[in-house]
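S.K.: my questions are about this predicted structure, shown below with the sequence.
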Amino acid sequence: MTAPYDYIIVGAGSAGCVLANRMSADPALRVLVLEAGGRDTSFLIHMPSGIARLTTPAVNWLYETEPQGALAGRRLFWPRGKTLGGSSSINAMVYIRGQRADYDHWSRLGNPGWEFDAVLPYFRRAEHNESFEDEWHGRGGPLNVSARRYTNPLTHQFVAAAAAAGLAANPDFNGRDQEGAGLYQVTQKAGRRCSAADAYLHPIARRPNLTVLTGALALRVLFEGRRAIGIEYLRGGTRTEVRAQREVLLAGGAINSPQLLLLSGIGPADELRAHGLEVRHDLPGVGRNLQDHLDVHVIHACKRPVTLDARARGFGALRTALRYALFHDGPGVSNVAEAGAFLRSSAQAATPDVQMHFIPAYVVDHGRRRMPGYGMTLHVCYLRPGSRGSIRLASAQPTQAARIDPGYLTDPSDLAPLIAGIRRARDIYAQPPLRADLGEEVFPGSAQRSDADLERFIRAAAETEYHPVGTCKMGTDPEAVVDAQLKVRGLEGVRVVDASIMPTLVSGNTNAPVIMIAEKAADLILGVRSAPH
């Protein structure tokens, strides 16, 4: 076993980068970060509009789900970041926290200290918001949140069309009220992506007490009795064991963290024995409670060549890249999902339960399918699904991807809000600010009108909104994996700090909440008793 560290952080994604920064701020602590992916050097990572091309194994785990029975037996593509910054290096940079009710619900589930008033100071500490400085927002934090330097003209038309359809204009989805339509705030700085690596890791990379190893795949957590004492990892074909004198911090995300626990003999006993693994700790909830936002698109052709499509092809793509390289502005700064809306699917919804992302371009199959001409895409997702799935081992081999079964639409009540969302999307498209530019409805297609038609479309075409959570959930019930301190229940010296600890999904994109979780976790680990001001 190599020389010990105080803390070992597994994963240099959004949570891992925050932990690396906060834990190594004390020069007396030795911190090791293990990241399975490589360094975040790709130009396409840092140019915001490059996201459409970040579907390569160099930076992406390229996961696929198990066949989904409720979605016509399809296997769905699940991109996840595999580089410094993790998914914050390949996402659409949309900064959304969710709703007060989300976090108050976490607290009521047996997680004191996670209610909204307790977590808001950590959102504020993380943030440097260029547009807002008030009781909701912070200045001076590592994560830069800004307006884009470029917004496509169709995006402004979408916001006006949403207002014409009866939605309130909302310049700040992260303020007092989330409901309404507006431009998204983005994690960008001076026209560049501001990933968690840019915000938290790179500025402190030279700290002598911090070691970051890329290309290092964690194989298992090492234990003495019930205490975690280190990690075995694979790097360059060599297996190495390294000791943690204080704690092992798992920050691999909703897929990799439960998989590592399972490989370490922690999880449902029957599943572990089925793969020939020794049962170190029978913890039934590991890998269970998987949740994700299911997304469906409403796509129209556009009559004018004003969309991002022309700027992403041939000479248009070259001009976009050159302008970006020289000035850090223009279409290269677009995060693609430029605007959106939060609305209620029915009068019975207590708070907004549908989110929309407007994209001034054709986006089909995660941008991997190129369509001719020009288009605009409105994504619709239901924010609080009842469906639950699981992460399970495919084998005892750490190099084999886990089996991902999101269980989409296993709760049939998830369908009605999606159908309602499609109808609201059509209503927005039909308003005067967009009407003149509308070509044909490509998906679902204008002939698809009835609830039965739209249900068939959802089952045939819906995809992930990239928000998997919940597989090491925080709580006190029998399926809880960690407690409110994020310690793995029944063990010592190991915590989970990432999206997997969310007991339920938040109402929106998940990157900002993960960064908040890690900010709060750092205080919990270091024994800081008062929240930041």
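M.R.: The structure has been received and is ready for your questions. Numbering: from 1, shown residues only.

S.K.: residues contacting the residue lying closest to Gln68 once chain neighbours are set aside?
M.R.: Take Gln68 and drop its neighbours on the chain: the residue closest to it by Cβ to Cβ, 6 or more residues apart in numbering is Tyr408, 5.2 Å away. C-betas here are computed from N, CA, C, even on glycine. Neighbouring residues of Tyr408 by Cβ atoms under 8 Å, 6 or more residues apart in numbering: Gln68, Ala70, Leu71, Leu76, Asp292, Leu294, Ser387, Gly389, Asp414, Ala462.

S.K.: and the third one, how far from Ser146?
M.R.: The gap separating Leu71 from Ser146 is 36 Å, by Cβ to Cβ, to the nearest Å.

S.K.: do the same with Leu318
M.R.: As for Leu318, its distance to Ser146 is 26 Å (criterion: Cβ to Cβ).

S.K.: same question, Trp106
M.R.: Look at Trp106 and Ser146: by Cβ to Cβ, they are 28 Å apart.

S.K.: pick out whichever of the two has more residues nearby.
M.R.: A count of neighbours by other Cβ atoms under 10 Å puts Trp106 above the other of Trp106 and Ser146, at 26 against 19.

S.K.: let's verify that one: helix, strand, or coil?
M.R.: For Trp106, the assignment made with DSSP: H, G, I helix; E, B strand; the rest coil gives helix.

S.K.: so what's the residue count around the closest residue to it other than its chain neighbours?
M.R.: Among residues not flanking Trp106 along the chain, Trp114 sits closest, at 4.4 Å (Cβ to Cβ, 6+ apart). By other Cβ under 10 Å, 24 other residues sit near Trp114.

S.K.: may I have the secondary structure class of Trp114?
M.R.: Following three-state DSSP, Trp114 is assigned to coil.

S.K.: please apply the same query to the one 10 residues further on.
M.R.: Of the three states, Arg124 takes helix under three-state DSSP.

S.K.: can you tell me the closest non-neighbouring residue to it?
M.R.: Once flanking residues are discounted, Arg124 sits nearest to Gly138: 3.5 Å by Cβ to Cβ, 6+ apart.

S.K.: quick check: the one you found touching Phe123?
M.R.: Yes - at 7.4 Å, Gly138 counts as touching Phe123 under the criterion of Cβ atoms under 8 Å.

S.K.: of these two, which one has the most company?
M.R.: The neighbour comparison of Gly138 against Phe123 (other Cβ under 10 Å) goes to Phe123, with 25 against 21.

S.K.: contacts only, for that one.
M.R.: Phe123 makes contact with Arg97, Gly138, Asn174, Ala512, Met516, according to Cβ under 8 Å, 6+ apart.

S.K.: need those residues in TSV (columns: distance to Arg239).
M.R.: TSV is the format used below for these (distance: Cβ to Cβ, whole Å):
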residue	distance to Arg239
Arg97	40
Gly138	43
Asn174	44
Ala512	36
Met516	35
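
S.K.: mind listing the helices for this structure?
M.R.: Ranges of helices in the chain, per DSSP state H, are 14-24, 43-46, 100-108, 116-126, 153-164, 196, 253-263, 269-274, 314-327, 415-429, 432-435, 451-461, 511-526.

S.K.: turn those into a markdown table, including mean pLDDT and distance to Phe223.
M.R.: Shown next, in a markdown table, are the helices of the chain (pLDDT from 0 to 100; distance: least, Cβ to Cβ, whole Å):
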| stretch | mean pLDDT | distance to Phe223 |
| --- | --- | --- |
| helix 14-24 | 98 | 21 |
| helix 43-46 | 96 | 36 |
| helix 100-108 | 98 | 29 |
| helix 116-126 | 98 | 30 |
| helix 153-164 | 98 | 52 |
| helix 196 | 99 | 29 |
| helix 253-263 | 98 | 11 |
| helix 269-274 | 98 | 14 |
| helix 314-327 | 88 | 49 |
| helix 415-429 | 98 | 44 |
| helix 432-435 | 97 | 58 |
| helix 451-461 | 98 | 44 |
| helix 511-526 | 98 | 19 |
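
S.K.: for Pro4, find the nearest of the ones you listed.
M.R.: Shortest distance between Pro4 and the helices of the chain, using Cβ to Cβ, is found for helix 14-24: 14.7 Å.

S.K.: what is the closest one packed up against?
M.R.: Helices and strands touching helix 14-24, by 3 or more Cβ pairs under 8 Å, 6 or more residues apart in numbering; DSSP states H and E, are strand 2-10, strand 31-35, helix 196, strand 210-214, strand 238-250, helix 511-526.

S.K.: low pLDDT regions in the chain?
M.R.: Residue ranges of the chain with pLDDT under 70: 1.

S.K.: repeat the analysis, applying 90 as the threshold.
M.R.: 1-3, 52, 310-318, 321, 367-371, 529-533 (pLDDT under 90).

S.K.: contacts only, for the residue located most distally from the centre of it.
M.R.: Most distant from the centre of the chain: Ala436, at 34.9 Å, with distances by Cα atoms, centre = their mean. By Cβ under 8 Å, 6+ apart, the contact set of Ala436 is Lys303.

S.K.: if you set the cut-off to 10 Å instead, what comes out?
M.R.: Gln157, Lys303, Arg304 (Cβ atoms under 10 Å, 6 or more residues apart in numbering).

S.K.: out of the residues you listed, who's the most crowded?
M.R.: Using other Cβ under 10 Å as the neighbour test, the contacts of Ala436 are led by Gln157, with 22 neighbours.

S.K.: contact partners for that one?
M.R.: When contacts are counted by Cβ under 10 Å, 6+ apart, Gln157 is found next to Val306, Ala339, Phe358, Pro360, Met376, Gln431, Pro432, Pro433, Leu434, Arg435, Ala436, Asp437.

S.K.: roughly how far apart are it and Leu234?
M.R.: Gln157 is 51 Å from Leu234, by Cβ to Cβ.

S.K.: follow-up on the earlier one: farthest pair in the contacts of Tyr408?
M.R.: Spatial extent of the contacts of Tyr408 (Cβ to Cβ) is set by the pair Leu76 and Asp414 at 15.1 Å.

S.K.: so who does Asp282 touch?
M.R.: Contact analysis of Asp282 by Cβ under 10 Å, 6+ apart lists Gly265, Ile266, Gly267, Pro268, Ala269, Asp270, Leu272, Gly490.

S.K.: kindly recompute the last result at 7 Å.
M.R.: The neighbours of Asp282, taking Cβ atoms under 7 Å, 6 or more residues apart in numbering as the test, are Ala269.
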